[in-house]
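Q: 3D, please:
(chains A and B)
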Amino acid sequence: MRTLILSTILKALTPLFIGFAIYMFFRGHDKPGGGFIAGLIASIPLMIHSMAFGCQATIKTYKMQPILLAGIGLLLAFASGFFSMVKGYPYLTASWAEAKLPLIGKVGTPIFFDLGVFFVVVGVVLQITFLLTEE
Amino acid sequence: MLYSILGVFLFSLISNLFYKKREGLAIAIISISLLGLILYFGSFIPDIIAGKTIYQHTPWIDTLNIHCSFYLDGLSLFFALLISIFGLLVFLYSSRYMKAYEQRNRFFSFLFLFMGSMLGVVLSANAISLFVFWELTSFSSFLLIGFNHDKQESRRAARQAMLVTAGGGLALMSGLVLLELMTSTGFNLNEAIKMAAAVESNDLKVAAILLIGIGAFTKSAQFPFHFWLPNAMAAPTPVSAYLHSATMVKTGVYLVLRLNPVFGQVELWANLLGIVGAISMTWGAVKAFRQDDFKSVLAYTTISALGIFFMMTGVGSESAINAVMVYIFAHALYKGALFLAAGNIDHQTGTRSISALSDLFRKMPYTSIIVLCSFASMAGIIPFIGFIGKESLYDALFHDTNDLAVLYLILLFISSAFFVAITLDITFEDIFKRGNFRHQAVKEASWWMVVPPILMVLVSLVSGIMPGTFIEPLIQWSAANILGAEPSMHLKLWHGFNTILALSLATLASGVGLFLLRKTIRKYDQPQWLYGDYWYDHLMSGITSVSKRVTNFIQNGYLRNYIALILLVFCSLMAWVLIHYRAFSTINFSQLGKDAEIYELVILAFISIAVAFLFRTRSRLTVTATFGIIGYSIALAYTLFSAPDVAITQFLAETLTLMMMILILHKLPSYTLKKRINHWKYLPISIVFGLIMTGVSYIMLEQESHSPLKQYFLEQSVKSGKGENAVNVILVDFRALDTLGEITVLAITMIGIVGLLAFKTKKI
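A: Here you go, the predicted structure:
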């Protein structure tokens, strides 16, 4: 399925999708959005990319193995819970930093947990897609 | 004590990693540490002899009353010393015996895993931790029996031992839970064994006794579960010496001795142990005489000896328990030495067949002396400890008032006579007979393999000659702790000429008689159904064929059938719950359809038309597209009812599903539901499923309006979750553990899909 239209559109769409995903990710705590939704959005352009050029090309372009991405995400979510344990709270208790960063806002362990969810979703969706688009 | 067990587990790890790299160093370090362990337990001897007990407690799961608590009295100290001393000897022995094995680091790793768990069993004061260690010994025994895993025989024996002992372990656990129900001591065995009165008046005691009995009988290879032990001889010989004679098979005995104070007054307990023990004792002795494999002979005599322990525990009098403790000591010594000697013979000559061996005294003098002395102890010949053991057994039974004691005495006499016959048989057939081996180059085994059994024989001899000073101080307390009384054991080698000595002499004479009649005795073959293996094999193949049939019925290869079955089961369970709790009675239909807006009805119409259209279409592409319409309509409905998060997710999921469907569409076979009837077959299930889901959602909707949770989460998400989007705060903060579970499931599903698809295309 090598189509000129798709590949041209992709160039414009990919940053848009990724940007939108990042936006959705960080706004998730206060308004509709979050890691799961952001993960789904971010995986769409890569999915189309692999449909257009084949999964080998996608792996080469983005230099990543989706199954590894899912693993990293799971590990990140898992590890984020330990931060509070160091401070003596139960596993997975949220803890927030006092200071706020510009643009991003509050920073705390749930952000990292959500980031883990994001990576798992992207990883899983892409891995399945890659398996299906393989020649 | 916890640290000593953990230390042994650490050896397990160390030997797995380093044993092969620095063999000499590893042997030195481990031997010295084991010596330290022995000294550590030895340091408790003065306290125990003074009549004290030691209790150590480390909380583990407090809310469930599961702790790592350890209790040391005469009985557990005796076993702990037995395990650690034999552990050291067997370790030294096998450091040479296993030299040629490629995976010897693994072997030692398993051996220490076993040793740690075995110490755990005999030291545990908590019923649950005892059970955990108990199962660990079964598990490590499985690994050790199956050590030569390239042999089919080993694998079968390992699996059999695992199934029998671990299955018995489950019975044991139920029994321990029943014991806890009767005594309510928070699984504390120390407290539980003091509550004999509470148990005796409770009706649960019958079930508890039977279950605990099954646990002990399977572990200690008692009739009718005895058949796994002879098969377990497939393990390397040091393992047989350590696990299958000296220690592991005695855990069942340890358990019944430990629990004897609480059940001892119940008649069922006494008779169950006594009769099962008596059958195993006789059966084992008779079978042992008919074996040709040296190790099989030892295995069956072990079954027989274990039977003696159970029988005497069943008799339960003071002198009986005293006799059990002496005989356990004697048995561990002679049987351990015999197994190690059998290992020497096997290692040097390459055979264990009694009829093939000969001239051993000429070729392997030290090993032959070990064999002779140990067999003498087994046959109960003066001055070995085995003689004292046998005398105490006779004495206890002879003076007992129990109705069955006479029967037990006769059976014990017969078994002992067979022991004597076996001794004579081995002595004349293998050690002194002239035969094939006279002109072969057979050498004595190395010192590493001769010294450990010789030490055992020496202890056997010394303790036989000086029982009063050498072993009595500790063993009398082992028996006293079981009985809950002051020690009453007085061991002497020579009691003068009395009835018991006459019995001993008669045993020797009958043994000689049996030996002379050996050809006649061995002529009769037992019928097939008398073998435990026969029943085991039939049970196993029965289970396999039934599960095969069930699997073929349920998993017939059609995905639609799987889905139909899953939905059917789900609907039945759901319907049962709904009817049982009368959930439908609260449904209020008066609100239904009130102030419905026109755009809501439009969405409903969209969905209905799409569903109806599904029935007409035959193309997968159309079906996919139609499903898309339904999905987007539902997402639209979410938007209208102000659930933007869910709506976005639904939109995205729908889009991705569509894209994936497009990817797989061309890989699917053509529509297989050619006949109309097949099409309609699933309609009832679909309708029922739809109805139930609708009903459940509706009920939940009604419940929700009264639920305080909604308000709670909305308030708390800003206050403690620091976010205004309550849905997301619940996902990543309040219910983060659930989410973690979900993404884990997601990752596992992915791995499953990878497995399925990669299997098909042979690559990832």
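Q: Pull out the buried residues from stretch B:174-186.
A: B:174, B:175, B:176, B:177, B:178, B:179, B:180, B:182, B:183, B:185 (16 or more other Cβ atoms under 10 Å in any protein chain shown). Every residue, glycine included, has its C-beta placed from N, CA and C.
Q: If you count contacts, what does the strand or helix carrying the second one end up packed against?
A: Secondary structure assignment for residue B:175, by DSSP states H and E: helix B:152-183. Using 3 or more Cβ pairs under 8 Å, 6 or more residues apart in numbering or on different chains; DSSP states H and E, the elements in contact with helix B:152-183 are helix B:127-145, helix B:189-192, helix B:196-200, helix B:205-219, helix B:228-231, helix B:251-263.
Q: give me that answer again for 10 Å
A: Contact partners of helix B:152-183 among helices and strands, from 3 or more Cβ pairs under 10 Å, 6 or more residues apart in numbering or on different chains; DSSP states H and E: helix B:127-145, helix B:189-192, helix B:196-200, helix B:205-219, helix B:228-231, helix B:251-263, helix B:532-554.
Q: helix or strand right after the helix or strand of chain B with the lowest mean pLDDT?
A: None of the helices or strands of chain B scores lower by mean pLDDT, DSSP states H and E than helix B:676-681, at a mean of 65. The first helix or strand that comes after helix B:676-681 along the chain, using DSSP H and E, is helix B:683-706.
Q: Tell me the buried residues in that following helix?
A: Applying 16+ other Cβ under 10 Å to helix B:683-706 flags B:688, B:689, B:692, B:695, B:698 as buried.
Q: could those be laid out in TSV, adding distance to residue B:504 and pLDDT?
A: Putting these into TSV (distance: Cβ to Cβ, whole Å; pLDDT from 0 to 100) gives the following:
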residue	distance to residue B:504	pLDDT
B:688	78	91
B:689	78	92
B:692	78	89
B:695	81	85
B:698	85	82
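Q: Could you list which of the residues you listed also contact chain A?
A: Among the buried residues of helix B:683-706, not one lies near chain A by Cβ under 10 Å from any Cβ of the partner chain.
Q: Which of those sits closest to residue B:57?
A: residue B:692 (51.5 Å; Cβ to Cβ).
Q: Relative to chain A, how far out is that closest one?
A: 27 Å (Cβ to the nearest Cβ, to the nearest Å).
Q: now swap in residue B:207 and tell me
A: Taking Cβ to the nearest Cβ, one finds residue B:207 at 39 Å from chain A.
Q: Can you report how many residues lie near that residue?
A: Under the neighbour criterion other Cβ atoms under 10 Å in any protein chain shown, residue B:207 is assigned a count of 12.
Q: do the same with residue B:616
A: By other Cβ under 10 Å, the residues close to residue B:616 number 8.
Q: which residues does the closest residue to residue B:255 other than its chain neighbours contact?
A: Ranked by Cβ to Cβ, 6 or more residues apart in numbering or on different chains and with sequence neighbours excluded, the top spatial neighbour of residue B:255 is residue B:216, at 5.1 Å. With contact set as Cβ atoms under 10 Å, 6 or more residues apart in numbering or on different chains, residue B:216 has these partners: B:168, B:171-172, B:175, B:222, B:225, B:251-257, B:259, B:272-273, B:276, B:306, B:310, B:313.
Q: Can you verify residue B:241 is assigned to a helix?
A: Yes - looking at residue B:241 with DSSP: H, G, I helix; E, B strand; the rest coil, it is inside a helix.
Q: what's around the one residue in the stretch 451-600 of chain B that gets nearest to chain A, how many residues?
A: For the stretch 451-600 of chain B, the residue closest to chain A is residue B:559, as judged by Cβ to the nearest Cβ, at 17.0 Å. Residue B:559 has 7 neighbouring residues, counting by other Cβ under 10 Å.
Q: Determine the number of other residues adjacent to residue A:89.
A: For residue A:89, the count of nearby residues is 13 (other Cβ under 10 Å).
Q: For the closest residue to it other than its chain neighbours, give me phi and psi.
A: Excluding the flanking residues, the one nearest residue A:89 by Cβ to Cβ, 6+ apart is residue A:95, at 7.3 Å. Phi and psi for residue A:95, reported as degrees, to the nearest 10, are phi -130, psi 140.
Q: Would you check how far apart residue A:95 and chain B are?
A: Applying Cβ to the nearest Cβ to residue A:95 and chain B gives a distance of 10 Å.
Q: What pLDDT does the model give that residue?
A: Here the pLDDT value assigned to residue A:95 is 77.
Q: next one: residue B:665
A: For residue B:665, the predicted pLDDT is 81.
Q: The closest residue in space to it that isn't next to it in sequence: neighbouring residues, count only.
A: In space, and not counting its chain neighbours, residue B:665 is closest to residue B:620: 5.7 Å by Cβ to Cβ, 6+ apart. Applying other Cβ under 10 Å, we find 16 residues neighbouring residue B:620.
Q: Surely residue B:620 touches residue B:668?
A: Yes - using Cβ atoms under 10 Å as the test, residue B:620 is close enough to residue B:668 to be in contact (6.4 Å).
Q: Which neighbours do these two have in common?
A: residue B:661.
Q: Surely residue B:242 and residue B:84 touch.
A: No - in this structure, residue B:242 is not within contact of residue B:84 by Cβ under 10 Å, at 11.5 Å.
Q: host element of residue B:282?
A: Per DSSP H and E: helix B:267-289 holds residue B:282.
Q: Can you point out the buried residues in that helix?
A: B:269-270, B:272-289.
Q: just checking, residue B:59 is part of a strand?
A: Yes - according to three-state DSSP, residue B:59 belongs to a strand.
Q: ok, it - contacts?
A: Counted by Cβ under 10 Å, 6+ apart, residue B:59 has contacts B:65, B:66, B:67, B:68, B:69.
Q: Which element is encountered next along the chain beyond the helix or strand hosting residue B:464?
A: Secondary structure from DSSP H and E places residue B:464 in helix B:447-465. Next helix or strand after helix B:447-465 toward the C-terminus (DSSP H and E): helix B:467-470.
Q: tell me what that next one is packed against?
A: So helix B:467-470, by 3+ Cβ pairs under 10 Å, 6+ apart, packs with helix B:385-398, helix B:447-465.
Q: Next up, the contacts around residue B:61.
A: B:67, B:68, B:128.
Q: And for residue B:229?
A: Listed by Cβ under 10 Å, 6+ apart, the contact set of residue B:229 reads B:157, B:160-161, B:164-165, B:220-222, B:240, B:244-245, B:249, B:284, B:296, B:298-300, B:302-303, B:306, B:532.
Q: What segments of chain A are strands?
A: Taking DSSP state E as the criterion, chain A carries no strands.
Q: what's the most far-flung residue of it relative to its centre sitting at in phi/psi?
A: The centre of chain A is farthest from one residue, residue A:88, which by Cα atoms, centre = their mean lies 30.0 Å away. Residue A:88 adopts backbone torsions of phi 100, psi 0, taken as degrees, to the nearest 10.
Q: Please tell me the pLDDT value assigned to it.
A: At residue A:88, pLDDT is 76.
Q: how far away is the closest residue to residue B:174 other than its chain neighbours from chain A?
A: Excluding the flanking residues, the one nearest residue B:174 by Cβ to Cβ, 6+ apart is residue B:211, at 4.9 Å. Separation of residue B:211 from chain A (Cβ to the nearest Cβ) stands at 37 Å.
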